[in-house]
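S.K.: Fold the following, please.
(2 chains, ligands or ions: 2)
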Amino acid sequence: MSFKKLLTSAVGRKITMGATGLFLVLFLIVHVGLNLCVFANDGGEMFNQAAHFMGGNWVPRILEIGLFFFLIVHIIQGLILEMNNRSKRGVSYAKSYGNRGSKWYSRSMALLGTLILIFLVLHISNFWLPNRVHQGFLLGEEINLYERMKVTFSVGWIVIVYLLGLIALAYHLMHGFQSAFRSLGVHNNKYNKLLTCIGHGFAIIVPVLFALMPLSFYFGWLS
Amino acid sequence: MEHYNMHLTLKVWRQPGTNAQGGFKSYEVDNISSEMSFLEMFDVLNERLIEEGEDPIAFDHDCREGICGACSMVIDGKPHGPWAKNTTCQLHMRAFQDGDTIIVEPWRAKAFPVIKDLMVDRSAFDRVIQAGGYISVNTGNAADANAIPIDKKSADDAFAAAACIGCGACVAACKNSSAMLFAGAKVSQLALLPQGDPERSTRVIEMVAQMDKEGFGSCTATGACEATCPKGISITNIARLNKEYLRAVLTSEEA
Ligand code: SF4
Ligand code: FES
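M.R.: Ligands and ions are numbered 1, 2, ... in the order given. Have a look, this model is predicted:
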């Protein structure tokens, strides 16, 4: 039962979390790249072409199944980990160690992950789901996602929920990016330091780039 | 530094036995010298309790010089108290001020059940070691220690990992009650040396399996363990344990 250990032991669970987490990091890079197409400022032409490449072509559509699979594994494994870990203490401390030994966000990965999940439910029902329904879940005609963004991001509360979701994502990545590599066994301090720097940069830059989209639509920065 | 005496209020966890109900009890102590160790302060209090016909506070201690790892207690929310890289027995009362209130609790982890008051049962660590934290050697004449060349860096890293005294503070500090810093130190110490190589794969698999059985949690790399470890065991040992584990699982012939 060797491979099963990678899914069920205390260390194996972390290895799955790290591996799926890094896959999701790769996805974020693709996603943010596509989003940046709106800043071509061409009325959404380039963006819709990019969206069409992702939605109207079997290769990314099959990869999309993989994405959902890894996302679900990451969520379920994360919830099991959190429940397991919470059950180990028994009596809690009268005075907690708190921030003296660790960062709050490193202790709050499950909470941050849950906030991201709540955001994702809204996000998927805003764009992905209506588009796929329109396509009949095959390669049917897509909706004009640029126009849909304009409408969606004209609503104040939606923009706020997106921003909160992105803040949660930023803190989740702040710890998760470098922790994923540790879980996969990177113990060389030279790389750990580098990965921590890259991770912090990634955790700030990517959510900011994401946030620019709803903000630009809401404040009418795009022509 | 100036020597001073202080009056302190101690809130100490009292629990008559493993399955008994526990609770905090307050004690006022007077004339505590700033040069006493934390355990000596407890000795003073216990002598008074014995004179008063009360049950003295049970706590673990042995060497009182920071090398055995027995003196487990969480002092004001931090295992082994406020000083960095320090054990409770080496904590001196000058860490506190006159009039302070100090909360003292046992290690909290289901894998370390309370025996009495501040004493916990850490035999789970022994069983993790028994599962794989050893090397097998033939008895007979002792082999020449320097017969196998070992590079300086590996020798130093192995030595640093071997400094772990098995105190359990890492488990006590971790929000997941994970024993990964301890296990990481023990696995690394042997994985870094040629003598540890023959049992390299089975060691890590068996030790992790035993940790799971004992009911320790998973590491989420918060770093609380490293920050509280009296021996400064580096958290990179946990990443090394992860690497050893991944390697062992992926390369084992087991289906
Ligand atoms: S790793 Fe440090 S805190 Fe943990 S048991 Fe060893 S010496 Fe104690
Ligand atoms: S009593 Fe031995 S380390 Fe404290």
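
S.K.: mind exporting the worst-scoring helix or strand of chain A on mean pLDDT as CSV, just the C-alpha atoms?
M.R.: Lowest by mean pLDDT, DSSP states H and E among the helices and strands of chain A is helix A:5-8, with a mean of 91. Only the C-alpha atoms of helix A:5-8 are listed here, as CSV (Å, rounded to 0.1, in the frame of the first residue of the first chain):
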residue,chain,number,x,y,z
LYS,A,5,0.5,6.5,2.1
LEU,A,6,0.9,9.6,-0.1
LEU,A,7,-2.8,10.2,0.5
THR,A,8,-3.3,9.1,4.0
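
S.K.: neighbouring contacts of that helix?
M.R.: Identification of contacts with helix A:5-8 by CB atoms under 8 Å, 6 or more residues apart in numbering or on different chains yields A:12, A:13, A:15, A:16, A:77, B:205, B:246, B:249. To be clear about C-beta, it is placed using only N, CA and C from the backbone, and glycine gets the same treatment.

S.K.: could you point out which element follows that helix?
M.R.: helix A:10-35 (DSSP states H and E).

S.K.: List the buried residues of that next one.
M.R.: Buried residues in helix A:10-35, counting neighbours by 16 or more other CB atoms under 10 Å in any protein chain shown, are found at A:10-25, A:27-28, A:31-32, A:34-35.

S.K.: show me which of those residues neighbour chain B.
M.R.: Restricting the buried residues of helix A:10-35 to those near chain B by CB under 8 Å from any CB of the partner chain leaves A:10, A:11, A:12, A:13, A:14, A:15.

S.K.: Contact residues of the stretch 1-150 of chain B facing ligand 2?
M.R.: B:61-64, B:66-71, B:87-89 (CB under 6 Å from any ligand atom).

S.K.: so which of those residues are also by ligand 1?
M.R.: residue B:69.

S.K.: count of neighbours near residue A:67?
M.R.: The number of residues packed near residue A:67 is 16, by other CB atoms under 10 Å in any protein chain shown.

S.K.: next one: residue B:126
M.R.: The number of residues packed near residue B:126 is 11, by other CB under 10 Å.

S.K.: And for the helix or strand in which it is found, what's in contact with it?
M.R.: Residue B:126 belongs to helix B:123-132 when assigned by DSSP H and E. For helix B:123-132, the surrounding residues in contact (CB under 8 Å, 6+ apart) are B:111-112, B:166, B:168, B:179, B:182-183, B:186, B:199, B:202-207, B:209-211, B:214-216.

S.K.: List the buried residues of that helix.
M.R.: For helix B:123-132, by 16+ other CB under 10 Å, it's B:124, B:125, B:128, B:129, B:131, B:132.

S.K.: Using JSON lines, please lay out these together with pLDDT.
M.R.: Formatted as JSON lines, those follow (pLDDT from 0 to 100):
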{"residue": "B:124", "pLDDT": "98"}
{"residue": "B:125", "pLDDT": "98"}
{"residue": "B:128", "pLDDT": "98"}
{"residue": "B:129", "pLDDT": "98"}
{"residue": "B:131", "pLDDT": "97"}
{"residue": "B:132", "pLDDT": "96"}
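
S.K.: Can you list the low-confidence ranges for chain A?
M.R.: A:1 (pLDDT under 70).

S.K.: that older thread, what about the helix or strand following the helix holding residue B:126, near chain A?
M.R.: Counting by DSSP H and E, the next helix or strand C-terminal to helix B:123-132 is helix B:152-162. No - Helix B:152-162 lies out of reach of chain A by CB under 8 Å from any CB, never closer than 9.7 Å.

S.K.: And the helices in chain A?
M.R.: A:5-8, A:10-35, A:45-55, A:58-86, A:104-107, A:109-123, A:129-134, A:145-152, A:156-183, A:189-218 (DSSP state H).

S.K.: Find the nearest non-adjacent residue to residue B:224, please.
M.R.: Counting by CB to CB, 6 or more residues apart in numbering or on different chains, residue A:101 is the residue found nearest to residue B:224 once chain neighbours are left out, at 3.7 Å.

S.K.: residue contacts, the most centrally placed residue in chain B?
M.R.: Central residue of chain B (CA atoms, centre = their mean): residue B:167, 2.0 Å from the mean position. Residue B:167 makes contact with B:69, B:70, B:71, B:72, B:80, B:87, B:230 under the criterion CB under 8 Å, 6+ apart.

S.K.: How about residue A:196?
M.R.: Per CB under 8 Å, 6+ apart, neighbours of residue A:196: residue A:178.

S.K.: Try it again at 10 Å.
M.R.: Going by CB atoms under 10 Å, 6 or more residues apart in numbering or on different chains, residue A:196 touches A:174, A:175, A:177, A:178, A:179, A:181, A:182.

S.K.: could I get these as CSV with neighbour count and distance to ligand 2?
M.R.: Conversion of the contacts of residue A:196 to CSV gives the following (neighbours: other CB atoms under 10 Å in any protein chain shown; distance: CB to the nearest ligand atom, whole Å):
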residue, neighbour count, distance to ligand 2
A:174, 21, 36
A:175, 26, 32
A:177, 21, 37
A:178, 25, 32
A:179, 26, 31
A:181, 23, 34
A:182, 24, 29
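
S.K.: Sort out which of the contacts of helix B:123-132 are buried, if you could.
M.R.: Buried among those (16+ other CB under 10 Å): B:111-112, B:166, B:168, B:179, B:182-183, B:186, B:199, B:203-207, B:209-211, B:214-216.

S.K.: Narrow these to those in helices?
M.R.: B:182, B:183, B:186, B:203, B:204, B:205, B:206, B:207, B:209, B:210, B:211, B:214.
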